[in-house]
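Engineer: below is the sequence, then the predicted model.
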Amino acid sequence: METARLILRPYTPEDFAALHRIFSDPETMRYYPAPCSEEKTRQWIQRNIRRYQEDGFGLWAMVLKETGQLIGDCGITLQPIHGQMLPEIGYHLHPDFQGKGYATEAARYCVQLAFDHFHFPAVYCYMKHTNWPSMGVAGRLGMVLTDIYPDPVNQFTRVFRLQKETIATTAMLANEARSLALLPLHGFVDGKDSTLQPLVQHFRRWDVQKADRLWCAAFVYHACITAGFQIPFSPDECTVGSLACVPAWEELAKKDPRIGYHMPDGFDPLPGDIVLYDHVFCNQPHDHIGIVIENHPCHILAAEGNIENSNTSGLILRQKDRHIRCYIRLPENYCWFA
């Protein structure tokens, strides 16, 4: 099995020395209880050889095409995730080769294999709640955060999922956005604690303090994810930042031909269209964002986070001839990975 730069092949007992150099490295294993002993490394190889025989898949040795060097592993295994045995995309990579895209390249191949060859309806990644590199790989695969649960080993475990097929429509997005707006969600207002944790948990190293009064785009992202659209928090197309910032939404829409990007003049928006605004808060372009709930001749009703800089979500009427920069329409069942 080959990707552009890598070969993924079954382990053999002869891989022990190369693999143990990786699994005994404290940096490689910093999100595990401890580095592996020689015996545990041998058990790792034997366990995956059994998986090949019993399941038809497992973790495969990750080898550089150019040099033939074993630099880690990647593959599909069945793992106990919050009480269920689920197909998980896992990888381990020596620190010398991290940050070069190898893990994402190998994992993307394994996702496609899981869908097209083994016919799993969904695949998962799970990791310790502080394992930011693995969360980044999951995000680049198009996975979305679906669960966080207490774990005696990891303290908390984060679960990411990617479905092969989704059922997501703009009507579903409009309904979800309306519900979120009317909760309402809010930051730190009137002496009350923030309720923004469900929104900020999608984004690496973000918390409710940092998000306070800066969460309108995170509101839109959370509505999209809960409506069933599969969009990573930071798609490859977005060079200006993650989808917690408004300009990234415009960049994604312009670069992905599947997404509709529409100027406001003469365009008739539908419920569930995403609307970007100019000069609403700080006299700058794309400084706010929302989701269309209703379309009327001269105005739209939109669901927004941090509505009118109130630090609270809500519904608001917006005139069609003022402040609207563009509309974005996600296609039905949009999956960034597909």
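Structural biologist: Noted; the coordinates are in hand.
Engineer: now do the helices in the stretch 101-250 of the chain.
Structural biologist: Assigned by DSSP state H, counting those that start in this stretch, the helices in the stretch 101-250 of the chain fall at 102-116, 132-140, 170-181, 197-200, 208-211, 216-226, 246-255.
Engineer: distance to residue 9, mean pLDDT and mean neighbour count added to the ones you listed, as JSON lines?
Structural biologist: The way it works is simple: take the backbone N, C-alpha and C, and place the C-beta from them, glycine included. Output for the helices of the stretch 101-250 of the chain, formatted as JSON lines (distance: least, CB to CB, whole Å; pLDDT from 0 to 100; neighbours: other CB atoms under 10 Å):
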{"stretch": "helix 102-116", "distance to residue 9": "12", "mean pLDDT": "93", "mean neighbour count": "20"}
{"stretch": "helix 132-140", "distance to residue 9": "21", "mean pLDDT": "85", "mean neighbour count": "21"}
{"stretch": "helix 170-181", "distance to residue 9": "42", "mean pLDDT": "94", "mean neighbour count": "21"}
{"stretch": "helix 197-200", "distance to residue 9": "40", "mean pLDDT": "91", "mean neighbour count": "18"}
{"stretch": "helix 208-211", "distance to residue 9": "43", "mean pLDDT": "95", "mean neighbour count": "15"}
{"stretch": "helix 216-226", "distance to residue 9": "35", "mean pLDDT": "95", "mean neighbour count": "25"}
{"stretch": "helix 246-255", "distance to residue 9": "35", "mean pLDDT": "97", "mean neighbour count": "20"}
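Engineer: any chance of these in a markdown table with distance to residue 57 as columns?
Structural biologist: Shown next, in a markdown table, are these (distance: least, CB to CB, whole Å):
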| stretch | distance to residue 57 |
| --- | --- |
| helix 102-116 | 8 |
| helix 132-140 | 19 |
| helix 170-181 | 33 |
| helix 197-200 | 33 |
| helix 208-211 | 39 |
| helix 216-226 | 28 |
| helix 246-255 | 32 |
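Engineer: for the ones you listed, which one sits closest to residue 60?
Structural biologist: helix 102-116 (8.3 Å; CB to CB).
Engineer: could you list every helix and strand in contact with the closest one?
Structural biologist: strand 6-9, strand 70-81, strand 84-93, strand 122-128, helix 132-140 (3 or more CB pairs under 8 Å, 6 or more residues apart in numbering; DSSP states H and E).
Engineer: so how far is the first residue of stretch 319-331 from its last?
Structural biologist: End-to-end distance for stretch 319-331, by CA to CA, to the nearest Å: 25 Å.
Engineer: kindly report the same for stretch 30-48.
Structural biologist: 22 Å.
Engineer: what comes into contact with it?
Structural biologist: For stretch 30-48, the external contacting residues (CB atoms under 8 Å, 6 or more residues apart in numbering) are 10-13, 15-16, 19-20, 23-26, 28-29, 58-60, 73, 75, 127-128, 130-131, 134, 153-154.
Engineer: bridging residues for residue 74?
Structural biologist: residue 60, residue 91 (DSSP bridges).
Engineer: what sits against it?
Structural biologist: 8, 59-60, 62, 89-92, 103, 106-107, 109-110.
Engineer: swap in 6 Å and give it another go.
Structural biologist: Shown in contact with residue 74 (CB atoms under 6 Å, 6 or more residues apart in numbering): 62, 91, 106-107, 110.
Engineer: residue 110 versus the nearest residue to residue 184 once chain neighbours are set aside, what's the distance?
Structural biologist: Distance criterion CB to CB, 6 or more residues apart in numbering; nearest residue to residue 184, sequence neighbours excluded, is residue 313 at 4.4 Å. According to CB to CB, to the nearest Å, residue 313 and residue 110 sit 38 Å apart.
Engineer: again with residue 85
Structural biologist: Residue 85 is 17 Å from residue 110, by CB to CB.
Engineer: now residue 159
Structural biologist: Residue 159 is 17 Å from residue 110, by CB to CB.
Engineer: next one: residue 207
Structural biologist: Residue 207 is 31 Å from residue 110, by CB to CB.
Engineer: go on, residue 178?
Structural biologist: 38 Å.
Engineer: now do residue 68
Structural biologist: Using CB to CB, we find residue 68 at a distance of 21 Å from residue 110.
Engineer: repeat for residue 35
Structural biologist: 24 Å.
Engineer: what of residue 100?
Structural biologist: 18 Å.
Engineer: check residue 14 too.
Structural biologist: Distance from residue 14 to residue 110, by CB to CB: 23 Å.
Engineer: what does residue 6 give?
Structural biologist: For residue 6 relative to residue 110 (CB to CB), the value is 11 Å.
Engineer: with residue 160 instead?
Structural biologist: 14 Å.
Engineer: just residue 173 next, same as before
Structural biologist: 30 Å.
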